[in-house]
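1. Kindly return the folded structure for what I paste below:
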Amino acid sequence: MEIPILEGRDFDSHDDDRSPYVMIINETAARHFWPGQNPLGKRLKFVEDVGYSEAEVVGVVRDVKYKELWEKPRPYLFFPVTQAYDPDTTLHVKTSVDPLSLVAAVRRQVQALDANVPTGKITTLDHHLQTQLSQPRLAALFSGMLGIVALILAASGIYALVAYAVVQRTREIGIRMALGAQKHNVLRLVMGQAMVHVCGGAVAGLILALSFGRLIAGSLHQVSPNSPYILVGITLLLAVVSLLACYIPARRATKVDPMVALRYE
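-> Numbers count the residues shown, from 1 in each chain. Prediction:
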């Protein structure tokens, strides 16, 4: 499984049913059972059908994901199969070739070791991961589509509001241009006032994102909901879309004929 060993040793051929019971624990188990202590050499007592047994800690490994990619770290104990055999065992086979090409060979090898041992479903780790990620990916796709729709609606709303403001201020714009205002002055005026509202909305959105980000933290894998890269990237995207939505009606305002605007009611 290539889980890094942080302290102690791995299991070896001496850890059989005739030797003292041993185990390897993960970081969370070490902190849980022996906080602030060296867990190597410590023992845990287990209840069995015939009484009690003890196992000595011989190694500590790094925390990894065991069942789901989004699970929180929790204590795990590992035992050598020669001391704690479980009929419902999952066998992991590492290979440098296509794993599916070895399915028949693996079945033959298991049967050669013990013809009475049945082999269940054989699958690849990649297929298992894809199965685990299918629902989160579907949810991410759906959320992304909703985000695109929301972005389009926001851009349409900004465009409509700025266009309406330009129509309402046609006479004012005409007066400004008649008094000598240049096109770039009108463009800066319209876009500046529109972007004030956009910036206010962006600040409010960032505050809400930081406040509610922790609610979805459990559904994310190796991604922080409050990642500065994500927040800055989304803010820049909204800023660009907002600028484009403001620019079109603002550009139209610069083409107002002052004489026509002065007669506008």
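
2. packing partners for the longest helix seen in the chain?
-> Ranked by residue count, the top helix of the chain under DSSP state H comes out as helix 125-168. Contacts defined by 3 or more CB pairs under 8 Å, 6 or more residues apart in numbering; DSSP states H and E place helix 125-168 against helix 183-212, helix 228-253. All C-beta atoms are positioned from the backbone trio N, CA, C, and that covers glycine.

3. Just give me how far the next helix or strand after that helix sits from the chain centre.
-> Sequence order places helix 170-178 as the next helix or strand after helix 125-168, per DSSP states H and E. Here the centre of mass of C-alpha atoms in helix 170-178, compared against the chain's by CA atoms, centre = their mean, to the nearest Å, lies 51 Å away.

4. go on, stretch 127-143?
-> Using CA atoms, centre = their mean, the mean C-alpha position of stretch 127-143 is found 11 Å from that of the whole chain.

5. and it, average pLDDT?
-> Averaged over stretch 127-143, pLDDT sits at 83.

6. what does stretch 178-192 give?
-> Mean pLDDT, stretch 178-192: 80.

7. what does stretch 198-215 give?
-> Computed over stretch 198-215, the average pLDDT equals 80.

8. Domain map for the chain?
-> With domains defined by automatic domain parsing, the chain comprises 5-89, 144-262.

9. got JSON lines for those, with mean neighbour count too?
-> Listed next are the domains of the chain as JSON lines, based on neighbours: other CB atoms under 10 Å:
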{"stretch": "domain 5-89", "mean neighbour count": "14"}
{"stretch": "domain 144-262", "mean neighbour count": "14"}
